[in-house]
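Peer 1: Next come a sequence and a model predicted from it.
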Amino acid sequence: MLDIQDLSIRFTRYTFGLKKKETCVVQGLDLSIAPGQVMAVIGQSGAGKSLLAHALLGILPRNAQVEGRVFFKGKPLTPERLSTLRGREIALIPQSITALNPLLRVGVQVARAARLSGISKKDAPTTVNRAFSRYLLQKEVATWFPFQLSGGMARRVLTATATVGMADLILADEPTSGLDPATAKEALGHLRELADTGKAVLLITHDIEAALKIADMVTVFCAGTTVEVASADDFKGLGQLRHPYTRALWNALPANSFIGTMKPIERSPNTTGCPFQTCCNEQDAVCGHSTPELKHSSAGRVRCHHA
Amino acid sequence: MLEAKTLAYRYGKQCSWLFDDLDLQIAPGEIVGMSGPSGRGKSTLAKVLAGYLPPGRGSVMIGGRPLQGSGHCPVQLLFQHPELAVNPRWKVGKILQEGEEPTADLCKDLGLEPAWFDRYPHELSGGELQRICLARALSSGTRYLLCDEMTSMLDALTQAHIWQIILDIARSRRLGLLVISHDTTLITRLCSRNISYFGDTVNH
C-alpha cells in the first residue's frame, strides 16, 4: 500500500537578518505498510512522527524540503498525484482539535468531509448519521460547535471526519491521547476494524501499550530516523527487542521499571555516527564515527552496530 | 490541607451540574490520583481547585481558610498542552520569570538549559516546555500541584523522567499532588490514594 524509502525533511529558517539556516529534522526514514495492516509508529516526542504524516499529505509549511522515495499502491507519490488522492484515498485523523473549524457546527464539517471524499449530496446525510452513531455521538452533537466538545468527543468527531469517506490509507496522529481507557480502546478498535476491511492504518502514537493491542508491526523512531522495525509480539519482553532505544522506551513504561532519561536525544549537524550514542550504555568507538545502516534482523530491522 | 467542601460547578444556568456536592481532601505530602471517563469534569474540577474558575456552590479551603483571589496562588495547575499554557510571543526566559525567578537549584534539578531562555516556546519540544511550566509553577509559595494529564503528550522516557523530578521535589518540600490521568498504571505507580471520579460521585 505504502512504501517510504530514505525520506528526509529539512527546514530552512532565518536566524539573523537574511541569514538562513537549514535544520534536518528527519533523515533516512524507512517505512512500509501492507493493506490490512496496522503499523504503529512510536518514539520520542519531537522525533518527526507527526511530520511524517504531514509530509505524506503534502501539508508541510513552505519552508520545508522533502526528499526521498514514496510509493502509494505501487506508483510514486508525486505532488500532483497527491493533490488528487489527499482526503479521498489518504485520510488524516489529526492530533488536535484545532484542526476543526471553530465557527462551523461539527455536523456540517463531517458532511463536508463526506462530500469532498466523493459521496453524493443525496447520500451524505445518511453517511454522516451512520458515522455519528458508529462513534457513539448523540444526534444533537452534530449541531454543536467544536468548543462545546470534550476531548474524547472531539477525538471521535475527528475520526468520523476521516473515516466517513472511503480512504484506503488512514493516518492516525495520536488518536488516543487524552482519552479514558474505555474510549481509547474503542477508538483503537475502530482502527483495527478499518484495517480488517483491507485498509492500511498508520498509527502514530507514544502510548506503546495501547498501540501493541491492535498493531501488527511497530516502527520505532528516534532522532528523526527509523531505529527499529519489530513485530508487535517482540514487545512481550526485553529479550526480543533489538535496539537499545526501544529497550529504554520499554523500560520507562509505568508498568515496567519506570526509569527515565536525563539527556535529550538530538541530532546536531556536526556530529557523526549513531544519533543515539550520547544516551546509549552500549556505545563504543564504532558508534562515534559511522552511522549504522538499517539492517535486517530476523523478522524485523534494526539500525545499530551492536544488534 | 487542601479541601473541597460540597463543591459544585456548571457552565451556565441552563447547563446541568458537572459535579455536585463534591468533597475532597489532599494533605501536604500526599499524592492523590484521579481517573474517570472524559467529559465528566475532571479538568473543570482542577480549574476550580486552582482558582481559575469560581465554584458554583461550596468552597475551596486551604489550611482552613478560603482560597485567596490575589497574590501567589498556593495551588498551581499544570496543563496537558504546555504550548497553550504559555504566551507564544514571549521568550522562554520571560515566561519563567512570570511568577518569581526560579532558583539555580531548581533549574539544575529540572535540567533546564540556559540556551533555551532566548528561544520562543514553539522552538522547544513538548517535554522541554513542560519542564519550563513546571519550573514556573514551583515557586516558593506553592503548596499543592494539580497535574492535569501532564505527561500524556510525552513519550515514555520523558514521562518517567519528569515524574522522577516531581516526586523528588514533592518529597523534599512536602507538596500535595493531585494527578489526573487516564493511565491507571501510571496512577497506581505514583499515588498513595486513588479516586475514581464519575462526575457526580467520588468513591474513595
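Peer 2: That came in fine, so what should we check first? Numbering: from 1, shown residues only, chains lettered A, B, ... in the order given.
Peer 1: If we look just around chain B, which residues of chain A are in range?
Peer 2: A:42-46, A:150-153, A:174, A:177-184, A:206, A:208-209, A:248-250, A:252-255, A:258-262, A:264 (C-beta under 8 Å from any C-beta of the partner chain). Every C-beta, even on glycine, is put in place using the N, C-alpha and C of the backbone.
Peer 1: Now, of those, which are buried?
Peer 2: Neighbour counting by 16 or more other C-beta atoms under 10 Å in any protein chain shown classes A:42-46, A:150-153, A:174, A:177-180, A:183-184, A:206, A:208, A:248-250, A:252-254, A:258, A:260-261, A:264 among these as buried.
Peer 1: Identify the bridge partners of residue B:180.
Peer 2: residue B:34, residue B:148 (DSSP bridges).
Peer 1: Look at the most centrally placed residue in chain B and give its secondary structure.
Peer 2: The residue lying closest to the centre of chain B (C-alpha atoms, centre = their mean) is residue B:146, at 2.5 Å. What DSSP: H, G, I helix; E, B strand; the rest coil gives for residue B:146 is strand.
Peer 1: Verify the stated contact: it with residue B:50.
Peer 2: Yes. The pair residue B:146 and residue B:50 qualifies as a contact (C-beta atoms under 8 Å) at a distance of 5.7 Å.
Peer 1: Mind telling me what element residue A:162 is part of?
Peer 2: Taking DSSP states H and E as the criterion, the element that holds residue A:162 is helix A:151-163.
Peer 1: what's that helix in contact with?
Peer 2: Helix A:151-163 has contacts (C-beta atoms under 8 Å, 6 or more residues apart in numbering or on different chains) with A:91-94, A:97, A:99-100, A:106, A:109-110, A:113, A:128, A:131-132, A:134-137, A:141, A:146, A:149, A:170, A:172, A:175-176, A:178-180, A:183, A:187, A:190, A:194, B:37-39.
Peer 1: Helices - which of these land there?
Peer 2: Among the contacts of helix A:151-163, the ones falling in helices (DSSP state H) are A:106, A:109, A:110, A:113, A:128, A:131, A:132, A:134, A:183, A:187, A:190, A:194.
Peer 1: Now restrict these to buried residues only.
Peer 2: Here, 16+ other C-beta under 10 Å leaves A:106, A:109, A:110, A:113, A:128, A:131, A:132, A:183, A:187, A:190, A:194 buried among the ones in helices among the contacts of helix A:151-163.
Peer 1: Can you tell me how far the residue nearest to residue A:13 when sequence neighbours are not counted is from residue A:138?
Peer 2: Spatial nearest neighbour of residue A:13, chain neighbours left out: residue A:21 (5.2 Å); criterion: C-beta to C-beta, 6 or more residues apart in numbering or on different chains. Using C-beta to C-beta, to the nearest Å, residue A:21 is found at 50 Å from residue A:138.
Peer 1: do the same with residue A:93
Peer 2: 21 Å.
Peer 1: for residue A:88, same thing?
Peer 2: Distance from residue A:88 to residue A:138, counting by C-beta to C-beta: 29 Å.
Peer 1: Tell me which of these two has more neighbours.
Peer 2: residue A:88 (14 against 10; other C-beta atoms under 10 Å in any protein chain shown).
Peer 1: thinking the more buried one is in contact with residue A:114, fair?
Peer 2: No. Using C-beta under 8 Å, residue A:88 makes no contact with residue A:114, being 11.3 Å away.
Peer 1: okay, and the common contacts of the two?
Peer 2: The overlap between the contact sets of residue A:88 and residue A:114 (C-beta under 8 Å, 6+ apart) consists of residue A:165.
Peer 1: which residues sit against stretch B:76-92?
Peer 2: A:178, B:46-47, B:49-50, B:52, B:94-95, B:116-122, B:124, B:126, B:129-130, B:132-134, B:137-138, B:142, B:144-150, B:152-153.
Peer 1: Among the residues you listed, which lie within strands?
Peer 2: B:144, B:145, B:146, B:147, B:148 (DSSP state E).
Peer 1: for the fourth one, what are its contacts?
Peer 2: Right, the one you point to is residue B:147. Neighbour list for residue B:147: B:78, B:166, B:177, B:178, B:179, B:180, B:181 [criterion: C-beta under 8 Å, 6+ apart].
Peer 1: so where's chain B shaky on pLDDT?
Peer 2: B:197-204 (pLDDT under 70).
Peer 1: wait, isn't residue A:218 in contact with residue A:229?
Peer 2: Yes. Contact between residue A:218 and residue A:229 holds when scored by C-beta under 8 Å: they sit 7.3 Å apart.
Peer 1: higher neighbour count, these two?
Peer 2: residue A:218 (27 against 24).
Peer 1: Look up which residues are beta-bridged to that one.
Peer 2: Beta-bridge pairing of residue A:218, defined through DSSP bridges, involves residue A:40, residue A:230.
Peer 1: ok, back up a step: got the ones in helices among the contacts of helix A:151-163 as CSV, with pLDDT columns?
Peer 2: Output for the ones in helices among the contacts of helix A:151-163, formatted as CSV (pLDDT from 0 to 100):
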residue, pLDDT
A:106, 91
A:109, 91
A:110, 91
A:113, 88
A:128, 89
A:131, 87
A:132, 89
A:134, 83
A:183, 75
A:187, 81
A:190, 84
A:194, 87
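Peer 1: Tell me the one among these nearest to chain B.
Peer 2: Ranked by distance to chain B (C-beta to the nearest C-beta), the ones in helices among the contacts of helix A:151-163 are led by residue A:183 at 6.1 Å.
Peer 1: pLDDT at the residue lying closest to the closest one once chain neighbours are set aside, what is it?
Peer 2: Excluding its sequence neighbours, the residue lying closest to residue A:183 (C-beta to C-beta, 6+ apart) is residue A:152, at 4.7 Å. At residue A:152, the model reports a pLDDT of 74.
Peer 1: what comes into contact with stretch B:38-48?
Peer 2: Residues external to stretch B:38-48 that are found in contact with it (C-beta under 8 Å, 6+ apart): A:150-153, A:178-180, A:183, B:4, B:7, B:9, B:11, B:18-19, B:22, B:34, B:36, B:53-55, B:60, B:77, B:146, B:148-149, B:178, B:180, B:182, B:197-199.
Peer 1: From those residues, list the buried ones, please.
Peer 2: Buried, going by 16+ other C-beta under 10 Å: A:150-153, A:178-180, A:183, B:4, B:7, B:9, B:18-19, B:22, B:34, B:36, B:55, B:60, B:77, B:146, B:148-149, B:178, B:180, B:182, B:197, B:199, out of those.
Peer 1: is it true that residue A:252 touches residue B:162?
Peer 2: No. Residue A:252 is beyond contact range of residue B:162, at 11.0 Å (criterion: C-beta under 8 Å).
Peer 1: Great, nothing more from me.
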